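*Asks:* Next one to model:
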Amino acid sequence: MSSFATSDDPAVRLAELDAAVTDAWIDYREALRGLTGAEYDEAETEAWDHLQAELEFLETERRGLVG
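*Replies:* Numbering: from 1, shown residues only. A predicted model of the protein is given here:
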């Protein structure tokens, strides 16, 4: 999943998680840029699965901070 430096300050960590969510969506969009037809269909399924796993990981991290 995500690999980035983390802070011990909960407020900073929440901001890092917000940034990571944005990055995950950007990665999803970039994975599909310029693709069409069957190539898009195949890549989209994989990119969507990766995005969902990343978002779930980040949400778990967030819940650990806010309870």
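
*Asks:* Listing request: residues of this structure with sub-threshold pLDDT.
*Replies:* Using pLDDT under 70 as the threshold, the predicted model of the chain has low-confidence ranges 1-6.

*Asks:* next one: the biggest helix by length in it to chain centre, how far?
*Replies:* Scanning the chain for the helix with the most residues, using DSSP state H, yields helix 37-66. Relative to the chain's own centre, helix 37-66 is displaced by 6 Å; criterion: CA atoms, centre = their mean, to the nearest Å.

*Asks:* List the buried residues in the helix or strand Asp18 falls within.
*Replies:* Secondary structure assignment for Asp18, by DSSP states H and E: helix 10-32. With burial defined by 16 or more other CB atoms under 10 Å, the residues of helix 10-32 counted as buried are Arg13, Glu16, Leu17, Ala20, Val21, Ala24, Tyr28. C-beta here means a position set from N, CA and C on the backbone, and glycine is covered the same way.

*Asks:* any idea which residue sits dead centre in the chain?
*Replies:* The centroid of the chain falls nearest to Ala24 when counting by CA atoms, centre = their mean (2.9 Å).

*Asks:* dump the residue contacts of that one.
*Replies:* Ser2, Leu51, Glu54, Leu55, Leu58 (CB atoms under 8 Å, 6 or more residues apart in numbering).

*Asks:* Pull out the buried members of the residues you listed.
*Replies:* When those are checked for burial by 16+ other CB under 10 Å, the buried set is Leu51, Glu54, Leu55, Leu58.

*Asks:* ok, these vs Leu32, which is closest?
*Replies:* Relative to Leu32, the closest of the buried ones among the contacts of Ala24 is Leu51; by CB to CB it sits at 10.4 Å.

*Asks:* Hmm, that closest one is touching Trp25, no?
*Replies:* Yes - shown here, Leu51 and Trp25 form a contact pair, counting by CB atoms under 8 Å, at 7.1 Å.
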